[in-house]
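Peer 1: Curious how this folds, go ahead:
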Amino acid sequence: MIEIHNLSKTYAGGVQALTGIDLKIESGMFGLVGPNGAGKTSLMRILAGLLRVSSGSVSVFGQDMGTAAGKQTAKALLGYLPQELGFYPTLSAREFLDYMAILKGVTDKRLRQTQIEQLLEEVRLTDVADRRLKTFSGGMKRRVGIAQALLGNPKLLIVDEPTVGLDPEERVRFRNLLSGMAKRCTVILSTHIVEDISHSCNDLAVMSKGRVIFRGAPAELVQQARGNVFTVLLRDEPPDGGLSVVSTLQMTDGVQYRVLGKPDGRYEAKPIEPSLEDGYIWLMQHAAQPTS
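Peer 2: Numbers count the residues shown, from 1 in each chain. Below you'll find the model as predicted:
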């Protein structure tokens with residue numbers, strides 16, 4: 001569905017955002033993970049046809065995104081939710097979706113209204129659809145954003161950092177919503193929050209400094225840290241000796257540290273099964289040479 005070959009992007013001033021990206025993305029939900037500044041948003045904007053490549057090629061559903069005709073055809077097949085979607089605060093959710101549907105070329109009023117009502121129900125906003133957007137919470141606005149991205153029944157949904165700023169309940173709701181979308185179209189989820197893709201994506205890539213440094217299944221990323229994750233219970237100072245603390249848990253007899261590395265004999269360390277977050281952190285710390 002999506003093929004990216006030797007893609008690079010350099011901004012004015014010589015800022016290199018992407019270098020030698022090679023990816024092939026099939027159906028289902030694909031996770032793109034990496035820290036802020038890794039180049040994820042630049043890649044998402046290129047896939048959405050909003051940004052030109054400096055070199056290399058991108059094909060979406062067989063359409064060359066390097067040509068005007070290819071971009072136009074591909075845009076009709078995709079929905080895009082950027083990090084910051086501009087809203088008209090005085091419009092209601094229903095009015096906003098109607099306006100966006102017209103911009104997307106859904107000119108038949110009856111068809112437009114049917115789509116809007118279906119999407120409002122799907123994102124669970126029917127009861128508040130006539131409220132002004134300025135009264136919506138962050139999570140409600142993100143759901144409106146997903147609804148507008150799904151107008152026109154796209155084959156590809158691109159979602160960039162969708163859970164930033166949401167409370168835990170809204171994040172879970174939003175992840176479940178995206179998982180449901182992946183049953184009917186390809187979803188590319190870009191995030192710096194590993195938890196967002198841990199239960200929903202069966203394929204992912206990790207980016208760092210404009211390069212892809214890992215590509216595979218979540219289980220393969222977990223494997224990166226196997227044998228290097230331990231818990232250490234201490235009463236006073238935190239662990240040292242080159243260990244990376246992933247999390248802490250206050251216990252009655254001290255603090256339990258979840259660490260990455262090889263604890264020395266000073267510690268009564270207990271090995272534990274790694275999580276996807278452990279694999280991600282281990283990879284980011286030890287990826288010496290970028291690979292695709």
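Peer 1: For stretch 81-89, what is the distance to the chain centroid?
Peer 2: The chain centroid and the centroid of stretch 81-89 are separated by 16 Å under CA atoms, centre = their mean, to the nearest Å.
Peer 1: where exactly do the helices run in the chain?
Peer 2: Under the criterion DSSP state H, helices of the chain are mapped to 40-47, 68-75, 93-103, 109-122, 138-149, 168-181, 195-198, 218-223, 276-286.
Peer 1: Output the ones you listed as TSV; include the columns distance to Phe61.
Peer 2: The C-beta positions use only the backbone N, C-alpha and C, and glycine is treated the same way. Shown next, in TSV, are the helices of the chain (distance: least, CB to CB, whole Å):
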stretch	distance to Phe61
helix 40-47	11
helix 68-75	6
helix 93-103	21
helix 109-122	21
helix 138-149	17
helix 168-181	17
helix 195-198	23
helix 218-223	26
helix 276-286	30
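Peer 1: Which one, of the ones you listed, ends up nearest to Val53?
Peer 2: helix 40-47 (5.9 Å; CB to CB).
Peer 1: who does the closest residue to Ala38 other than its chain neighbours bridge with?
Peer 2: Nearest in space to Ala38, with sequence neighbours left out and distances taken as CB to CB, 6 or more residues apart in numbering, is Met207 at 4.2 Å. For Met207, the beta-bridge partners are Val212 (DSSP bridges).
Peer 1: if I look at Met207, how far off is Leu7?
Peer 2: 12 Å (CB to CB, to the nearest Å).
Peer 1: Kindly report the same for Gln256.
Peer 2: According to CB to CB, Gln256 and Leu7 sit 44 Å apart.
Peer 1: now do Ile46
Peer 2: Distance check for Ile46 against Leu7: by CB to CB, it reads 7 Å.
Peer 1: What pLDDT does the model give the residue most central in space within the chain?
Peer 2: Nearest residue to the geometric centre of the chain (CA atoms, centre = their mean): Ser190, 2.1 Å. For Ser190, the pLDDT comes out at 92.
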